[in-house]
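[1] next come a sequence and a model predicted from it.
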Amino acid sequence: MKQPGKKSPLNAKGKRVDRQRPALQQRNQGMLRLFAGIGVLAIVFFIFRPFLQNGLINWDDPEYILQNKTIMNFSPDSIRHIFSSYFMGNYHPLTMLSYAFEYSLFKMEPKGYHVVSLSLHLLNTLLVFLLIYKLLGKKLLPAAFISLLFGIHPMHVESVVWASERKDLLYTTFFLLSLIFYTGWLHQKKPVFLILCFLSYLLSLFSKGQAVVLPLILFMIDYLERRPFKWKMALEKIPFLLLSLLFGIIAVFAQRSLSAINEVHLSHLHRFFFGFYALVLYLLKSIFPYPLSGFHDYPFTADLGLPVWVILSPLIVICLIFILFKFFRNDRMIIFGSGVFIISILPLLQFLPIGKAVISERYTYLSYLGLFLIFWRVVERINASRYKKNLQLPLIMVTGVFLLFFAIQTYARTTVWKTSVIFWSDVTSTYPDALLAHEHLGLACFFDNHDIPEAIREMDKAISINPSYLTGYRLKGFFYLQTENYEEALRVLTKALTIDTSDNEIYLFRGKTYRALQQYDKAIADFSSGIRKKSDRSELYMQRGIVYTDNLAQYDLGIKDFKKALSLTKDDPDVSWNLAIANYKKGDFKEAGVNFSRVIKIPGYKNLANAYYLRAYCYSRTNEFSKALDDAQQAALLGYKVPAEFMKMLENRK
């Protein structure tokens, strides 16, 4: 407030200056920034809210969450294992730690994981808002526009709603923080910002190897900020570049550990064309995101050749590069946006094929930030042109229509990941010839919906697309086996072996079928053939041991197989149980008691009552009646109906 009797000073033109106006303007700007940020986040939350009711799907979610023993047994040993091991062809220990922490809170409840994913996406949207606000001279409108695009773009749905894509969200969080700290370093020259930038980068690398491109993005920020090149500028990037090199090498070895590089066996010529084709698709889907799919199959022709539009892709890219440098080479924001996009997406193109899809929508989560900057720059250039008056209203209308289209499409896509059946049905509607989709849809129909006829129909569809599709025959035989249609299972699995005799799983399933048909010698032969194909698969030894023990009374051979299986899978409850039963049937009660003790010690074992009772019987046969009585009483407490005569005998002889 002005003090009574005092007047404001005069400016150079003789007019009164209001000292409070700059502070008031700053407060107003701060309030506008706050409301804009909250508004963007509210829109993003509303659009993504439906996916909080989704479940988990049968693509990567079982490995990352549902069956992941590493996150279930969270301990110092598991932390060491997380930081010293690859997982699913990736090295992302921070991502695995996030799953472990969430499992300790939510167990198998999907909503907890989805709440964390949505929270991270909202945080990333806010970080984009702050980054753009800092990069573009504290301009509010581009920060709101670009962060809204980032938050609601349909190509980003996969990264948010798919629980297994936590790595995308997490690495982006630290990646954006690193960029924000770097802009702080450029503007304020405080070393703490550069240190925080480096630490955030390290955390981003621990979340996903894709973060290796960050040093190049830092150089692009230098370009945008018109920072003159000096050796000091290059030297400050050396620690970042060294980390990038190290984690890049780790990422290659991680992918090789899963044989994920070139899974579809593309020739060098195919890689060349599909690399450019993927780039064109990513560019096109940034504006017209249709069709969308959780899996994008390779567009081979019927004779496994390349369609015309794939062959033309390099030419399209060359034309776009020509246009960029012919008309926009002096526009720093467009060059910067183009650089951010290309640098971020280049390692993920199919020049080095990773996985089985030609493109993956999740790969755009960070890389599209560069394109969104270009979109805004185009809007700015139109507004600054001489046609501004004629184009302003149509521009606003077109932009609004696109944002509304993106919002509606994203809202609809969030529930595609609700169940495995919905997810893979969506994929097959877009790619009806995608074998992987029919395979997973069949598994979902069988295990989730218990719709066996539909599961078998999906395998028939896959086989009709490719009559040599071994997985189709294998799963079809498995479905028949599980439904006790042994004759059909035998027919299908035998047909599979005429296609490929090296698949150990087919021998496993056919061996089980022969056992069910009481053809024990053939069952032994198939399990033995499977072992010759894959000598480190414990289930083959266990199934052969079951035939030896339960059907042929060859206990020593059964025990030998169970011990081998146990050496391959430590503390496997099924193997330990069968080993104990084999010794029990053989009459070696002392050894059987030891084996039942191993079973009882396995965390979460479900048949404890039976194990305690049988160990009690073993103790009674070795004259350890006091121990036998304790076990019998424990079995009774757990619900086992211990024979009264047996209990009375133990009480009399303890």
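    Alright, I've got the coordinates.
[2] buried set for the longest helix seen in the chain?
    Ranked by residue count and defined by DSSP state H, the top helix of the chain is helix 20-48. Using 16 or more other Cβ atoms under 10 Å as the test for burial, helix 20-48 gives 33, 36-37, 40-41, 43-44, 47-48. Just so you know, the C-beta spots here come from the backbone N, C-alpha and C atoms, and that holds for glycine as well.
[3] do the same with stretch 406-414
    By neighbour count with 16+ other Cβ under 10 Å, stretch 406-414 contains the buried residues 406-407, 409-411, 413-414.
[4] and which of the residues you listed is nearest to residue 479?
    Within the set of the buried residues of stretch 406-414, residue 413 lies nearest residue 479; the separation is 30.4 Å, counting by Cβ to Cβ.
[5] identify the residue spatially nearest to that closest one, adjacent ones excluded.
    Nearest-residue entry for residue 413: residue 157, 4.4 Å, with adjacent residues in sequence omitted and distances by Cβ to Cβ, 6 or more residues apart in numbering.
[6] before we move on, what about residue 614?
    Distances taken as Cβ to Cβ, 6+ apart place residue 596 nearest to residue 614, at 5.7 Å, with adjacent residues excluded.
[7] burial measure for the one you found, as a count.
    The number of residues packed near residue 596 is 29, by other Cβ atoms under 10 Å.
[8] go on, residue 99?
    Look at residue 99: counted by other Cβ under 10 Å, it has 24 neighbours.
[9] element containing it, please.
    Secondary-structure assignment from DSSP states H and E places residue 99 in helix 93-106.
[10] give me the contacts around that helix.
    Helix 93-106 is contacted from outside by 64-65, 68, 70-72, 74, 78-79, 82-83, 87, 112-113, 116, 166-167, 170-171, 203, 206-208, using Cβ atoms under 8 Å, 6 or more residues apart in numbering.
[11] just the buried ones from those residues, in PyMOL syntax?
    A single PyMOL command selects the buried members of the contacts of helix 93-106 (16+ other Cβ under 10 Å):
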select buried, resi 64+65+68+70+71+72+74+78+82+87+112+113+116+166+167+170+171+203+206+207+208
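[12] and residue 329, helix, strand or coil?
    Classification of residue 329 using DSSP: H, G, I helix; E, B strand; the rest coil returns coil.
[13] pop out the phi and psi values for it.
    Reported as degrees, to the nearest 10, the phi and psi values for residue 329 are phi -60, psi -20.
[14] same thing with residue 359?
    For residue 359, the backbone dihedrals (degrees, to the nearest 10) come out as phi -140, psi 160.
[15] wait, it sits on residue 281?
    Yes: in this structure, residue 359 sits in contact with residue 281. The criterion is Cβ atoms under 8 Å, and the distance is 5.2 Å.
[16] residues that sit against both of the two, list them.
    Contact criterion Cβ under 8 Å, 6+ apart; residues bridging residue 359 and residue 281 by contacting each: residue 296.
[17] so which of those two has more stuff around it?
    Neighbour comparison, residue 359 and residue 281: the larger count goes to residue 359, with 24 against 19 (by other Cβ under 10 Å).
[18] contacting residues around that one?
    Under the contact definition (Cβ under 8 Å, 6+ apart), the residues listed for residue 359 are 278, 281-282, 296.
[19] for residue 535, state which of those is nearest.
    Sorting the contacts of residue 359 by distance to residue 535 puts residue 296 at the head of the list, at 37.1 Å, by Cβ to Cβ.
[20] and that closest one, how far from residue 395?
    When Cβ to Cβ, to the nearest Å is applied, the distance between residue 296 and residue 395 equals 32 Å.
[21] more neighbours, these two?
    When residue 296 and residue 395 are compared for neighbours, residue 296 comes out ahead with 21 against 16, by other Cβ under 10 Å.
[22] flag the shaky bits of the stretch 101-250 of the chain, pLDDT-wise.
    Under the criterion of pLDDT under 70, none of the stretch 101-250 of the chain is flagged as low confidence.
[23] same thing with the stretch 501-650 of the chain?
    Short version for the stretch 501-650 of the chain, where the test is pLDDT under 70: none.
[24] ok so, going back, farthest pair within the contacts of residue 359?
    Greatest spacing in the contacts of residue 359, by Cβ to Cβ: 282 and 296 (10.7 Å).
[25] helices or strands next to the one helix or strand residue 160 maps to in the packing?
    Under the assignment given by DSSP H and E, the secondary-structure element containing residue 160 is helix 157-161. With contacts defined as 3 or more Cβ pairs under 8 Å, 6 or more residues apart in numbering; DSSP states H and E, the secondary structure elements packing on helix 157-161 are helix 110-135, helix 166-188, helix 388-413.
[26] related to what we said a few turns ago, what is the mean pLDDT for the helix or strand just after the longest helix of the chain?
    Secondary structure here is assigned by DSSP H and E; on that basis, the next helix or strand after helix 20-48 toward the C-terminus is helix 61. Mean per-residue pLDDT for helix 61: 94.
[27] burial of the residue nearest to residue 413, as a residue count?
    When neighbours are counted by other Cβ under 10 Å, residue 157 comes out with 28.
[28] then residue 96?
    27.
[29] thinking again about what came up before, what's the angle from the longest helix of the chain to helix 110-135?
    Here helix 20-48 runs at 150 degrees with respect to helix 110-135, directions being taken by axes from the mean of the first three to the mean of the last three Cα atoms, to 10 degrees.
[30] and helix 20-48 with helix 388-413, angle?
    40 degrees.
[31] for residue 184, what are its contacts?
    134, 190, 193, 196-197.
[32] should've said residue 406
    Each residue near residue 406 by Cβ under 8 Å, 6+ apart is listed here: 149, 152-154, 289.
[33] try it again with 7 Å
    With contacts defined as Cβ atoms under 7 Å, 6 or more residues apart in numbering, residue 406 is in contact with 152-154.
[34] can you check residue 108 too?
    Contact analysis of residue 108 by Cβ under 7 Å, 6+ apart lists residue 66.
[35] check residue 203 too.
    Shown in contact with residue 203 (Cβ under 7 Å, 6+ apart): 94, 174.
[36] kindly recompute the last result at 6 Å.
    Residues in contact with residue 203, defined by Cβ atoms under 6 Å, 6 or more residues apart in numbering, are residue 174.
[37] measure it to residue 291 for me?
    Counting by Cβ to Cβ, the gap between residue 203 and residue 291 amounts to 35 Å.
[38] quick revisit: now render the contacts of residue 359 as JSON lines, adding pLDDT and secondary structure.
    Compiled in JSON lines, the contacts of residue 359 are given as follows (pLDDT from 0 to 100; DSSP: H, G, I helix; E, B strand; the rest coil):
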{"residue": "278", "pLDDT": "95", "secondary structure": "helix"}
{"residue": "281", "pLDDT": "97", "secondary structure": "helix"}
{"residue": "282", "pLDDT": "97", "secondary structure": "helix"}
{"residue": "296", "pLDDT": "95", "secondary structure": "strand"}
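[39] so which of those comes closest to residue 542?
    Residue 542 has its nearest neighbour among the contacts of residue 359 in residue 296, at 39.1 Å by Cβ to Cβ.
[40] pretty sure that closest one is touching residue 360, no?
    No: if you go by Cβ atoms under 6 Å, residue 296 and residue 360 don't touch, sitting 7.0 Å apart.
[41] make a markdown table from the helices and strands packed on helix 157-161 and add distance to residue 455 to it.
    What follows is the helices and strands packed on helix 157-161, written out as a markdown table (distance: least, Cβ to Cβ, whole Å):
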| stretch | distance to residue 455 |
| --- | --- |
| helix 110-135 | 23 |
| helix 166-188 | 29 |
| helix 388-413 | 26 |
